[in-house]
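*Asks:* A predicted structure for the sequence below; I have some questions about it.
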Amino acid sequence: MSQQLEQWIKKPLEAIDILFGELQGQKGWTTKILEKVNECFHSDTLLEQVPCIPETPLHELQDGQLVRFRCQVQDQYEPEYFIGNYAARNKNGELEKHTSFYRETIDQTVEAEFDAASSENLAQRSVCYCISLPGQQPWVSQTLLSQTRNRAFNGALDVSCSSSGSCKRTLDDETDQMETDHLSATDLNEEDSCPMEDTREPAAKLPPSLVPRVHCLQHRPLAHTNPLLPVIDPLPSWSADAWGEPQFIFYFSVHKKNMDMNVHGQFPLNISGITPELASAGFTRRLYSLLQRLSTHAVMLPLTIDNLNKMPVVPKKDYSSNELRSGLLQLPRHTLLCVDETVMQAGQLDATGVRNLEQIGNVISNQQCKYDFQFHHIEMPTNINVLVLSEGKSLLPSESEVVLRPAHDDVDKAFTSVESKLTEEVLESLRKYITLARLADYRMPSHIQEFLQDEFVKARERNKEAMSPERFHSLQVLSRLLCKSCGELELTPEIWHSATVLDDKRAERITALQRPAARISAPAFR
């Protein structure tokens, strides 16, 4: 590690003060700071030498050092006004310029003098409350810590770590950020003895000993949250192990690769046919455990009457404390939300329960979450992957329903067989494959667009009711996901026909069923 790089990591405030002194606090000097940071950490390899919180234990950090924080913006506050530049007398009694940028307080060891008439003293910065990405799985935290330590110390150390944290974060430059944005930030740590606990509650007024103050030098949105290198590997064939259910395996795999960088063509999936016998044998629990090992972020929602009536599902503004209280659906992009309807019993939803069910349905259908500001609601865009597990057709909307028809009901045998093949090498390959397939740049050439138009017209001529505009759109989404699953970037007629055959077989199962009566009435989703 070079001396300059080590100084920026261990004592960045000294480097900032030196640069401030060289420029004498000229206008735009903070831009030079950012340029210097970008110069020192011009590659991800160099940036990964900066400790990542909260994965790095606190006893390994020191006050004022540089840290990285992969976080979600939980809430934004009013701008802070502070004394940006001031003069202080040195040992010879001469006045020297100092700065309080990237600090909570001015240097108490010097005799400061302020020019009340000068507008140069006053500065403004943005403040937001950030938390660790909700639902982050342990393997992600362990990989992050292992990468940082291996690059910094060239050795394999203990990777036990905390996976949650929160901080009050200040940005000395003006930057617009949105709640649920997930960012990778390079910050100055202001406290060396502060427990990192994810309370999921706003805590702007808590002291630094509970909620650390960090000052952001550099931040960028995360394209994805997978810490592994993206390499395409073939998806193993496990159909025989999963009760001989190729439809279940296929739809599950394309569902995992859904949710591109832009929200379009959502594919919420409903796995139905989970009988009480399968549920009592632990099917939903074992399936979610498997999903956790493949997903970077996952959250389980047991859809019970009690949860719907009492759980805070959407963020709500508390005007008494001027805080935005978090809700279950305030999740970062690409989070897997697994909704378990098999635990629902007969009961009565109150007004809150009905609203919560509608909010979940709105996120599934429109990828919009209505934040509750009491006097009005604001729709915020989301990008959440939703999987619904149910006995019959789900109460919630879904793009596709796959009826589970296992060859046997031995849940333990099926999952044990699959899990025995999930070595660390296979898991790493699958995690890379899912992320890279999701991020692949899908294209539809003009001749394919004309081909699809012809296919739609022909299908409508054969059976107008069977090929509705809604089903045609669903087939386009399915064919896009199938195309990316095969490692192709452009849709072909062969992939389109494969998607239609798969969807026809899926629909045949549904028409052959006699649906059980719903336990509660489903609200209307728009």
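*Replies:* Cool, the structure landed. Numbers count the residues shown, from 1 in each chain.
*Asks:* Asn38 against Gln218, yeah?
*Replies:* Yes - if you go by Cβ atoms under 8 Å, Asn38 and Gln218 touch, sitting 7.1 Å apart. The way it works is simple: take the backbone N, C-alpha and C, and place the C-beta from them, glycine included.
*Asks:* Between the two, which has more neighbouring residues?
*Replies:* In this view Asn38 and Gln218 are compared by other Cβ atoms under 10 Å, and Gln218 has more residues nearby, 17 against 12.
*Asks:* I'd say that one and Ala185 touch.
*Replies:* Yes - with contact defined as Cβ under 8 Å, Gln218 counts as touching Ala185 (7.0 Å).
*Asks:* Low-confidence regions, the protein specifically.
*Replies:* 1, 25, 107-120, 148-184, 186-187, 189-210, 229-265, 514-526 (pLDDT under 70).
*Asks:* Got the phi and psi for the residue nearest the centre of it?
*Replies:* In the chain, the residue lying closest to the centroid (Cα atoms, centre = their mean) is Pro332, at 3.0 Å. Main-chain torsions, Pro332, degrees, to the nearest 10: phi -70, psi 160.
*Asks:* Wait, it touches Cys71, no?
*Replies:* No - assessed by Cβ under 8 Å, Pro332 is found out of contact with Cys71, at 9.1 Å.
*Asks:* what domains does the record give for this structure?
*Replies:* The record assigns the chain these domain ranges, following automatic domain parsing: 3-80+123-221, 246-511.
*Asks:* Make a markdown table out of those and add distance to Asn90.
*Replies:* Putting the domains of the chain into a markdown table (distance: least, Cβ to Cβ, whole Å) gives the following:
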| stretch | distance to Asn90 |
| --- | --- |
| domain 3-80+123-221 | 12 |
| domain 246-511 | 41 |
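*Asks:* right, so of those, which gets closest to Arg89?
*Replies:* Distance to Arg89, taken as Cβ to Cβ, is lowest for domain 3-80+123-221 among these, at 15.3 Å.
*Asks:* Check which helix or strand Arg509 maps to.
*Replies:* Per DSSP states H and E, Arg509 falls inside helix 493-511.
*Asks:* Next, the buried residues of that helix.
*Replies:* Ile495, Trp496, Ser498, Ala499, Thr500, Leu502, Asp503, Arg506, Arg509 (16 or more other Cβ atoms under 10 Å).
*Asks:* So what touches that helix?
*Replies:* 247, 250-251, 400-403, 405, 448, 451-452, 455, 471, 474-475, 478-479, 482-483, 486, 488 (Cβ atoms under 8 Å, 6 or more residues apart in numbering).
*Asks:* Could you double-check that Asn226 sits in contact with Thr296?
*Replies:* Yes - look at Asn226 against Thr296 with Cβ under 8 Å: they come within range, at 5.3 Å.
*Asks:* Looking at those two, which one has more neighbours?
*Replies:* Thr296 (24 against 21).
*Asks:* now the buried residues of helix 493-511 as CSV including distance to Arg460?
*Replies:* Output for those, formatted as CSV (distance: Cβ to Cβ, whole Å):
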residue, distance to Arg460
Ile495, 21
Trp496, 16
Ser498, 21
Ala499, 17
Thr500, 14
Leu502, 20
Asp503, 16
Arg506, 20
Arg509, 24
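*Asks:* Skipping its backbone neighbours, what lies nearest Ile495 in space?
*Replies:* Leaving out its chain neighbours, the residue that sits closest to Ile495 by Cβ to Cβ, 6 or more residues apart in numbering is Cys483, at 5.0 Å.
*Asks:* what about that neighbour, which SS state?
*Replies:* Classification of Cys483 using DSSP: H, G, I helix; E, B strand; the rest coil returns helix.
*Asks:* what's the neighbour count on it?
*Replies:* Around Cys483 there are 24 residues (other Cβ under 10 Å).
*Asks:* again with Cys369
*Replies:* The number of residues near Cys369, taken as other Cβ under 10 Å, comes to 27.
*Asks:* residues in contact with it?
*Replies:* Val314, Pro315, Gly327, Leu329, Gln330, Gln359, Asn362, Val363, Glu379, Met380, Pro381, Thr382.
*Asks:* returning to that earlier point: apply the buried test to the contacts of helix 493-511 and list what passes.
*Replies:* Using 16+ other Cβ under 10 Å, the buried ones in these are 247, 250-251, 400-403, 448, 451-452, 455, 471, 474-475, 478-479, 482-483.
*Asks:* Give me the subset of the residues you listed lying in strands.
*Replies:* Judged by DSSP state E, the buried ones among the contacts of helix 493-511 include Ser400, Glu401, Val402, Val403 as members of strands.
*Asks:* so can I have a markdown table of those showing distance to Thr284?
*Replies:* Output for those, formatted as a markdown table (distance: Cβ to Cβ, whole Å):
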| residue | distance to Thr284 |
| --- | --- |
| Ser400 | 19 |
| Glu401 | 16 |
| Val402 | 15 |
| Val403 | 16 |
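*Asks:* Nearest to Gly28 among those residues?
*Replies:* Ser400 (53.4 Å).
*Asks:* In contact with the closest one: list those residues for me.
*Replies:* Contacts of Ser400 (Cβ under 8 Å, 6+ apart): Tyr251, Phe267, Pro268, Leu269, Asn270, Ser474, Leu478, Asp503, Arg506.
*Asks:* Please repeat the previous calculation with a cut-off of 7 Å.
*Replies:* Tyr251, Phe267, Leu269, Ser474, Arg506 (Cβ atoms under 7 Å, 6 or more residues apart in numbering).
*Asks:* measure the third one to Ala279 for me?
*Replies:* In other words, Leu269. Using Cβ to Cβ, to the nearest Å, one gets 18 Å for the distance from Leu269 to Ala279.
*Asks:* gap between the two ends of stretch 276-284?
*Replies:* 11 Å (Cα to Cα, to the nearest Å).
*Asks:* Give me the residues contacting that stretch.
*Replies:* With Cβ under 7 Å, 6+ apart, stretch 276-284 has contacts from Ile274, Asp340, Thr342, Leu389, Asp409, Val411.
*Asks:* And for the fifth one, the neighbour number?
*Replies:* What that stands for is Asp409. So Asp409, with other Cβ under 10 Å, has 13 neighbours.
*Asks:* same question, the one 10 residues further on
*Replies:* A count of nearby residues for Glu419, using other Cβ under 10 Å, gives 13.
*Asks:* how about it, phi and psi?
*Replies:* Dihedral angles for Glu419 - degrees, to the nearest 10 - are phi -60, psi -30.
*Asks:* Just the buried ones out of the contacts of stretch 276-284, please.
*Replies:* Buried, going by 16+ other Cβ under 10 Å: Ile274, Asp340, Thr342, Leu389, Val411, out of those.
*Asks:* Kindly provide the distance from the nearest residue in space to the last one that is not next to it in sequence to Asp410.
*Replies:* With Cβ to Cβ, 6+ apart as the measure, Ala281 is the residue that lies nearest to Val411, at 4.1 Å, once sequence neighbours are left out. With the distance defined as Cβ to Cβ, Ala281 ends up 8 Å from Asp410.
*Asks:* So these two - more neighbours on which side?
*Replies:* Ala281 (17 against 13).
*Asks:* what about the strands in the stretch 251-400 of the chain?
*Replies:* 269-272, 298-302, 316-318, 323-325, 336-340, 368-372, 377-381, 385-389, 400-403 (DSSP state E, counting those that start in this stretch).
*Asks:* what residues does the fifth one touch?
*Replies:* For strand 336-340, contacts defined as Cβ under 7 Å, 6+ apart pick out 284, 288, 291, 295, 297-303, 331, 384-389, 396.
*Asks:* Give the burial count for Val457, as a bare number.
*Replies:* Counted with other Cβ under 10 Å, Val457 comes out at 10.
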